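Undergrad: What shape does this take:
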Amino acid sequence: MQAYGPEKIHNIGIFGHIGCGKTTLTEAMLLTTHAISRLGRVEDGSTVSDYDPDEQRRGMSINLAIAPLEWEGDKINLIDVPGFADFAGDMAATMRIIDGAIVVMDASGGVEVGTEMVWDMAMRAKVPRILFINKLDRENANFFQCIEQAREVLDAAIIPMQIPIGVSKDFKGVISLRQQRAWLISDKHDGSFVEADVPSELDAQMHEWRTHLIDRIAATNDDLIEKYLEGGEDALTRDELLLGLRTGIANGSIVPVFCGSALQLAGVAQLLNGIVDSIPSAARKPVPATNLETGEMVTLKVAASEPLTALVFKTLADPYGKITLFRVYSGEFNANSTVYNSRTRKDERIAHIYQVFGKDNHEVSKIGPGDIGMTTKLTDTTTNDTLSSHDRPLQLEPIKYPQPAFTATIKPHSRADLDKLGSALTRMMEEDPVLQTARDQASGETLLSGLGESHLDIVAERMKRKFDVSIDIELPRIAYRESIRSRAEANYRHKKQTGGAGQFADVTLRVEPLDPDPSREDPLEFVNEIVGGVISRGFMPAIEKGVREAMAEGLLAGSPVKDVRVAVFDGKEHPVDSKEIAFKTAGKEAFKLAAMKAQPTITEPIYTLEITVPDQFAGDVMSDISTRRGRVMGMLPSGKGKTTVTVQTPLAECQRYATDLRAMTQARGNFTMTFSHYEDVPAHLVEGLVGKHKKEQENAH
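TA: Model prediction:
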């Protein structure tokens, strides 16, 4: 493939709900442009973009995949993006580096949850969009119903550029509203088409929709609308219409709709023409970057003459080294060169660079501005890093990834798996920046957070396949705490005589609760109130150690005791038999006796959830929260027919909330979750926790 300047490059993301035909459309575009010789099938695992073993086994896209093609003298880098919500990290990365998005809609399914999700992401990223209504040859396909629903749910700026000739089994081709010509499906089914006059029975419908389109195009420019009002649509030239269309698409006031059937290669050539004609090229806007030497913002042209800036948007973990995908924004990225990593402030040696075509790589000497490339075996570079030149260090705006919504405990199968776990997790987080790991301070277990259970299940499969690390994914233990609610005193005398040297210690202490304070690092305030030396000062550390051991073991259900003040105010010692071990034991047992008289209780972590759902699901969400022992703190409208509900609920009731909310809202809801405070566990649930702890102890013995 020849080299192209940025004005001839279009980086296009293919998005949509799972199963809408994104990958098949990518195949159809590649076949139409002769980049491949036959149409691969998702079901057979033979497509260019679904080449990963996990994708072939599941029959769905899991990773973003790049497939460049050439059309009418331009280069289009297609990026096929997963449609499942658990892989929204790749959606976010793609939105950051593309020039335009094709949102694919199933003509028989209409606007689905995945359609809404990617549409909102594209709007936030201010990415120009094309809507492609696919599968018009399917039963129950309804083009105009899709248009009406899309304008109502997604964006009023949506306007057809084409209308279909027939639907379902009668689908024969498409009509271009701008050119007023029909493009009929070729009998060869190879992406070619037959140009013809518009069928007479569709002439009135074409003119009606053409008028809507011209109205929208003319509104993008004061001169155009004045000319249009004076002379009608015939007063506007083809070039003026194209200029207005490009302006409207670039600023979001026009979202053009194309249509067809990827499986029949119908409408694919016209879609490619629409991309080249309408979607801005990689040279569409200057590149903002931060000068690391001065801290100032600078603006660069998308040109080879400018300093190098390249953003790493994907890292693939491989047992033999990292694979790094990047987009060049300015300057040139050369093989056998050195680049500067703005995050590590270190140089990276670049040996080979490649153009990517699915799983195949083609070595090149350089990647120019606006283009996408790949390199391998970089030492310290990972996703979201900016690569620039050492003498002009620059940093690009990073990718904004979604926050994890589901956390699980990782349990390695064997000691060998445990030894390799840390390295494997590091590599997986390089590949997927949405993943986060932490260590549970109470249990010492490793926690892994992602976007959902399916997300973490696939991570576990990849760790096994790529790094031979076997793990189980389980819900983490709730970090319950225990405390006391009143003041109490107790005495314990430890006396042991074994024939030789004995043990003696007598400790009287008082316990009382402390007000909860998140900033308090030590759960115990230990005070020596001994008067008259009845217990030597040297035994106090042993008593404190015994108290801390008792607090760590818990009083009721084996959870650590927090927020307690312990004062030792009386006791006795023996001149011969008193030892540290004796006072440690006495302190431990005296604390247990006193604490059990001081209204011991179990507390649980309470989290604040901000849940955004379509208005029709707000009532269901609030009803569900009440069954989870939750409290609704407030409700606010969040625009576009959605409501944000703020609630507080125990962590024990919402560990699987990511999965439950999807089921409850047809996957249209999302939420964020942050720790708030601890509260007492209700008495009827305390009994269950105590019983469970006793059973675990019995099984352990």
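Undergrad: Run through the stretch 201-350 of the chain and note the low-pLDDT ranges.
TA: Residues of the stretch 201-350 of the chain meeting the criterion pLDDT under 70: 319.
Undergrad: any weak-confidence spans in the chain?
TA: Filtered on pLDDT under 70, the chain yields the residue ranges 55-56, 59, 189-191, 319, 442, 498-500, 700-701.
Undergrad: Longest strand of it, counting residues only.
TA: strand 600-614 (DSSP state E).
Undergrad: Can you name the next helix or strand after it?
TA: From strand 600-614 onward toward the C-terminus, using DSSP states H and E, the following helix or strand is helix 615-627.
Undergrad: so what secondary structure elements neighbour that next one?
TA: strand 631-639, strand 642-650, helix 657-664 (3 or more CB pairs under 8 Å, 6 or more residues apart in numbering; DSSP states H and E). Heads up, the C-betas are built off the backbone N, CA and C, glycines and all.
Undergrad: Deepest-packed of these, please.
TA: strand 642-650 (a mean of 20; mean count of other CB atoms under 10 Å).
Undergrad: what's the span of stretch 251-271 from first residue to last?
TA: Length of stretch 251-271, first residue to last, CA to CA, to the nearest Å: 20 Å.
Undergrad: From Ile372, how far off is the closest residue to Met121 other than its chain neighbours?
TA: Distances taken as CB to CB, 6 or more residues apart in numbering place Met95 nearest to Met121, at 5.4 Å, with adjacent residues excluded. Distance of Met95 to Ile372, given as CB to CB, to the nearest Å: 14 Å.
Undergrad: what do you get for Leu609?
TA: Counting by CB to CB, the gap from Leu609 to Ile372 is 38 Å.
Undergrad: coming back round to it: for the helices and strands packed on helix 615-627, which one sits closest to Leu689?
TA: strand 642-650 (12.2 Å; CB to CB).
Undergrad: Contacts made by that closest one with the rest, please.
TA: 604-615, 618, 621-622, 625, 628-638, 676, 679 (CB atoms under 8 Å, 6 or more residues apart in numbering).
Undergrad: Go ahead and confirm Pro523 touches Val561.
TA: Yes. Taking CB atoms under 8 Å as the definition, Pro523 is a contact partner of Val561 at 6.7 Å.
Undergrad: follow-up on the earlier one: is the residue nearest to Met121 within a helix or a strand, and which one?
TA: helix 88-97.
Undergrad: Report the distance from the next helix or strand after that helix to the chain centre.
TA: Remark: after helix 88-97, the chain's next helix or strand is strand 100-106, criterion DSSP H and E. Relative to the centre of its chain, strand 100-106 is centred 20 Å away, using CA atoms, centre = their mean, to the nearest Å.
Undergrad: What of stretch 683-690?
TA: Centroid separation for stretch 683-690 versus its chain: 36 Å, with CA atoms, centre = their mean.
Undergrad: which residues are in contact with it?
TA: By CB under 8 Å, 6+ apart, stretch 683-690 touches 480, 556-557, 601-602, 681.
Undergrad: follow-up on the earlier one: where do the contact lists of Pro523 and Val561 overlap?
TA: Jointly contacting Pro523 and Val561 under the rule CB under 8 Å, 6+ apart are Met551.
Undergrad: More neighbours: the two, which one.
TA: Neighbours were counted for Pro523 and for Val561 using other CB atoms under 10 Å; Val561 has more, 24 against 16.
Undergrad: what are the phi and psi angles of that one?
TA: In terms of degrees, to the nearest 10, the main-chain angles of Val561 are phi -90, psi 140.
Undergrad: Leaving out chain neighbours, which residue sits closest to it?
TA: Nearest one to Val561, counting by CB to CB, 6+ apart, is Met551 at 3.9 Å.
Undergrad: ditto for Val298
TA: Counting by CB to CB, 6+ apart, Asn291 is the residue found nearest to Val298 once chain neighbours are left out, at 5.2 Å.
Undergrad: Then Arg487?
TA: Using CB to CB, 6+ apart and skipping the chain neighbours, the partner closest in space to Arg487 is Glu512 (4.2 Å).
Undergrad: Touching, that neighbour and Glu489? I think so.
TA: No. Checked against CB under 8 Å, the pair Glu512 and Glu489 is beyond contact range at 9.7 Å.
Undergrad: on that earlier part again, report the separation between the residue nearest to Val561 and Glu679.
TA: 20 Å.
Undergrad: Looking at the two, which is more packed in?
TA: Met551 (22 against 14).
Undergrad: Show me what the helix or strand containing Ser676 packs onto, helices and strands only.
TA: In this structure, Ser676 sits in strand 670-680 according to DSSP H and E. Judged by 3+ CB pairs under 8 Å, 6+ apart, strand 670-680 is in contact with strand 600-614, helix 657-664.
Undergrad: please redo it, this time with the cut-off set to 6 Å
TA: For strand 670-680, the elements it packs on are strand 600-614, judged by 3 or more CB pairs under 6 Å, 6 or more residues apart in numbering; DSSP states H and E.
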